[in-house]
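Asks: sequence and predicted structure, then a few things I'm wondering about:
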Amino acid sequence: MHYQEFECMRLQMEPLLYQYQVDIVFSGHVHAYERMNRVYNYTLDSCGPIYITIGDGGNIEKVDVDYADEIGKCPSIGDNVPEIGSVCRTNFSSGPAKGNFCWDRQPEWSAYRESSFGHGILEVVNSTHALWTWHRNQDIYQEHSYGDRIYVVRQPNLCTH
């Protein structure tokens with residue numbers, strides 16, 4: 001998903017995900033891996049979902065290696081016209097992202113990111129705990145090898161909004 005399409009969708013979907021206390025959201029398209037801390041409206045929030053971009057299965061376009069917070073990598077507004085529909089008129093117009101699509105460093109809500117092809121495993125342990133593990137494809141045959149690992153803990157009593 002391209003950033004202008006993402007922002008339009010985020011503005012529509014994020015309040016619903018937050019309201020219904022969604023713990024984890026998986027998405028793809030970007031050919032890299034990134035896991036975010038619990039976040040809501042670009043702000044760390046213990047009741048927000050964890051977002052995982054796992055679009056790194058591999059393809060002929062190769063892995064994405066550019067991040068918008070790297071010097072010279074910030075796209076301009078005209079660089080990425082949505083493939084479907086029109087430009088979102090409210091893009092980056094509120095909250096911490098107001099007028100600031102490109103951060104000058106990896107944002108605090110970005111917990112782990114890597115430009116490698118890989119795959120993930122979600123193991124539901126019980127009604128409140130799940131274990132997420134992301135593996136680099138090239139490490140598949142190495143025992144106990146992983147790139148990222150986190151327990152996702154559901155705390156419904158903490159988040160009553």
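Replies: Right, received. Where do you want to start? Numbering: from 1, shown residues only.
Asks: going forward, measure contacts and count neighbours with C-alpha atoms only.
Replies: OK.
Asks: for Tyr151, which three-state class applies?
Replies: Assigned state for Tyr151: strand (three-state reduction, DSSP: H, G, I helix; E, B strand; the rest coil).
Asks: residue contacts, the closest residue to Tyr151 other than its chain neighbours?
Replies: Nearest non-adjacent residue to Tyr151, counting by CA to CA, 6 or more residues apart in numbering: Leu131, 4.5 Å away. Applying CA atoms under 8 Å, 6 or more residues apart in numbering, we find Leu131 in contact with Leu122, Glu123, Val124, Val125, Arg149, Ile150, Tyr151, Val152.
Asks: give me the buried subset of the residues you listed.
Replies: By neighbour count, with 16 or more other CA atoms under 10 Å, those hold Arg149, Val152 as buried.
Asks: in JSON lines, list the contacts of Leu131 along with pLDDT and distance to Ile24.
Replies: Output for the contacts of Leu131, formatted as JSON lines (pLDDT from 0 to 100; distance: CA to CA, whole Å):
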{"residue": "Leu122", "pLDDT": "96", "distance to Ile24": "11"}
{"residue": "Glu123", "pLDDT": "97", "distance to Ile24": "13"}
{"residue": "Val124", "pLDDT": "97", "distance to Ile24": "12"}
{"residue": "Val125", "pLDDT": "97", "distance to Ile24": "15"}
{"residue": "Arg149", "pLDDT": "95", "distance to Ile24": "14"}
{"residue": "Ile150", "pLDDT": "95", "distance to Ile24": "12"}
{"residue": "Tyr151", "pLDDT": "97", "distance to Ile24": "11"}
{"residue": "Val152", "pLDDT": "95", "distance to Ile24": "8"}
